[in-house]
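**Q** requesting a structural model of the entry that follows:
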Amino acid sequence: MECLRSIAELLNNNNKIYCNEQKEKLSFALTVGEKLRLMVISDVVIAKLYGLTYQDYKSILAACDYPIACLSDKKFTRSLFPKGFWRVDRELSPELRQTVLSLVAFCDLESCIASCGDDRDAGIQAFLAQHDGEGWMLPETLRLADYGLGHDERAQLHQPVAALLGPRFYDWQLAQTAEEFRDECNIHAQNLRRNEISGDIDDSQLEVKESDSQLIFDF
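**A** Next up is the predicted model:
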């Protein structure tokens, strides 16, 4: 779906080198919270396109909702599937993990589909059209027990989420206009072209490091 391509661009094209001059700086996912929000949206849309139900998805992400103390206990984790997704973000409180938030967002997606007469594609579009077209948002607070998640007393209480993950945009993103950003990108592109033509371009400008056989991009 086109929405997945858009999300990939927001997550990956967040450097001047890869910038499309038609994009505004506000579109780029640079903060922890905004990156997480978009990854969660992508996760649940892909899961639904594969035909998964909530129980299917919950089974795949089994044990991801255990508290930090449990997932830090080697004796306890030895009882879990060794290749399970419970390893993801296990140093964070359950309500801040990508896996757990994906389960919460999946419930919201299924509600959107149900409200669209069980039309999957229409439901996905409704899910993405929330909040004036911005899509699903990180909850202000989250009570894991409402979703059949959690294994301790904290799961019975509302825990803060959005505030702990920070703002969607940095102050400097909000301060710069789209026109100023496009001008800045054009200047940067011209400088790169000049350096390339003169042979003075430095590989460090591309902010790419090689590690074993993989390329790691530093943003």
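**Q** domains in the protein, as residue ranges please.
**A** By the assignment in automatic domain parsing, the chain contains the domains 17-27+170-219, 31-168.
**Q** quick one: mean pLDDT over the shortest one.
**A** Domain 17-27+170-219 shows a mean pLDDT of 61 in the predicted model.
**Q** tell me what the longest helix anywhere in the chain is packed against?
**A** When the chain is parsed with DSSP state H, its longest helix is helix 178-198. Of the remaining helices and strands, none touches helix 178-198 by 3 or more C-beta pairs under 8 Å, 6 or more residues apart in numbering; DSSP states H and E. Glycine gets a C-beta too; all of them are placed from N, C-alpha and C.
**Q** list the buried residues for it?
**A** 181, 182, 185 (16 or more other C-beta atoms under 10 Å).
**Q** thinking again about what came up before, ranking the domains of the chain by burial, who's on top?
**A** domain 31-168 (a mean of 16; mean count of other C-beta atoms under 10 Å).
**Q** how long is that domain end to end?
**A** In domain 31-168, first residue to last residue: 6 Å (C-alpha to C-alpha, to the nearest Å).
**Q** what's the offset of that domain from the middle of its chain?
**A** Relative to the centre of its chain, domain 31-168 is centred 11 Å away, using C-alpha atoms, centre = their mean, to the nearest Å.
**Q** residue 120 reaches residue 114, doesn't it?
**A** No. Counting by C-beta atoms under 8 Å, residue 120 does not reach residue 114; the two are 10.5 Å apart.
**Q** all strands for the protein, in order.
**A** Applying DSSP state E to the chain gives strands spanning 141-142, 159-160, 208-211, 214-217.
**Q** adjacent strands (with direction) for the second one?
**A** Pointing back at strand 159-160 there. strand 141-142 (antiparallel) (DSSP bridges).
**Q** show me the contacts for residue 102.
**A** Applying C-beta atoms under 8 Å, 6 or more residues apart in numbering, we find residue 102 in contact with 40, 43, 44, 47, 57, 61.
**Q** please repeat the previous calculation with a cut-off of 10 Å.
**A** 36, 39-44, 47, 57, 60-61, 64, 85, 88, 109 (C-beta atoms under 10 Å, 6 or more residues apart in numbering).
**Q** over to residue 151?
**A** Per C-beta under 10 Å, 6+ apart, neighbours of residue 151: 63, 65, 66, 67, 70, 94, 144.
**Q** which one among those residues gets closest to residue 13?
**A** residue 94 (31.3 Å; C-beta to C-beta).
**Q** separation between residue 163 and residue 95?
**A** 12 Å (C-beta to C-beta, to the nearest Å).
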